[in-house]
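Peer 1: Need the 3D shape of this:
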Amino acid sequence: MPPALIRRMTSQHFTATVDLALEDWEQRAVDSRVPPHTVFVADLAAAVCPDLYASRFIPQGSSMILDFFGELNWLAVVVATIAWFAFSAIWYSIPPLSKAWAREAGVDTTGDGPPLALLFIPTLIGYFVTTIVIGLLVAGVGAETVSDGIALGVVLGIGFGMVGALVNQVYESKGGAYFLINGLNAVIAFAIVGVILVVWD
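Peer 2: Below you'll find the model as predicted:
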């Protein structure tokens, strides 16, 4: 058989193989609702280290974070929300922290404030929504141990709580310790929530 014909047949075979692989990646991406490149990375990781990565990149069935709603323990979500609220109430009631926070935030604690219901209800609703999100992440990443819950909570607390408090401090001209007090509260609170959601399975 002439070499030119062999090269042409080999090239056509290679092109057909690549086309089939791309179609397979695209179809699996549609089925799993992830980008096609994620499927490629999953296949590559599975080939390199199948025991560790084969089932991590492309979960069987649905893979969107909202699909984990069915795995939420709603009683644990409510308890974690209340625990967060109780911890924050204690955190901001400790005299050194409460005075420092009021000073840095520019809040006058001597005058008459709004009714407690106007403070507590929005706070509880906000905590409840955030606890649901943390619960979805707990289910999504497969956290199973106390250390997993603590690690997830600390990461979220630093990434969102402390950074958010720091940005607020910069743009709202708060005092220097403002982000530290609020940020540490978020880190510890998120860790508490993470542990409760992981343990109370």
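
Peer 1: so where do the helices sit in this structure?
Peer 2: 3-32, 36-48, 50-53, 74-91, 95-105, 116-141, 146-156, 163-172, 178-199 (DSSP state H).

Peer 1: which of those has the lowest average pLDDT?
Peer 2: Of all the helices of the chain, mean pLDDT reaches its minimum on helix 50-53 (a mean of 48).

Peer 1: What distance do you get for the nearest residue to Ile150 once chain neighbours are set aside to Ile94?
Peer 2: Excluding the flanking residues, the one nearest Ile150 by C-beta to C-beta, 6 or more residues apart in numbering is Ala191, at 4.9 Å. For every residue, glycine as well, the C-beta is placed using N, CA and C. Here the distance between Ala191 and Ile94 works out to 18 Å (C-beta to C-beta, to the nearest Å).

Peer 1: again, but for Ile196
Peer 2: Ile196 sits 22 Å away from Ile94, going by C-beta to C-beta.

Peer 1: The two: which has the busier surroundings?
Peer 2: Under the criterion of other C-beta atoms under 10 Å, the comparison of Ile196 against Ile94 puts Ile196 first, with 24 against 11.

Peer 1: circling back to that earlier point, give the contact list for the residue nearest to Ile150.
Peer 2: For Ala191, the contacting residues are Gly149, Ile150, Gly153, Val154, Gly157, by C-beta atoms under 8 Å, 6 or more residues apart in numbering.

Peer 1: switch the cut-off to 6 Å
Peer 2: Ile150, Gly153, Val154 (C-beta atoms under 6 Å, 6 or more residues apart in numbering).

Peer 1: Distance of it relative to Pro115?
Peer 2: Relative to Pro115, and taking C-beta to C-beta, Ala191 is found at 31 Å.
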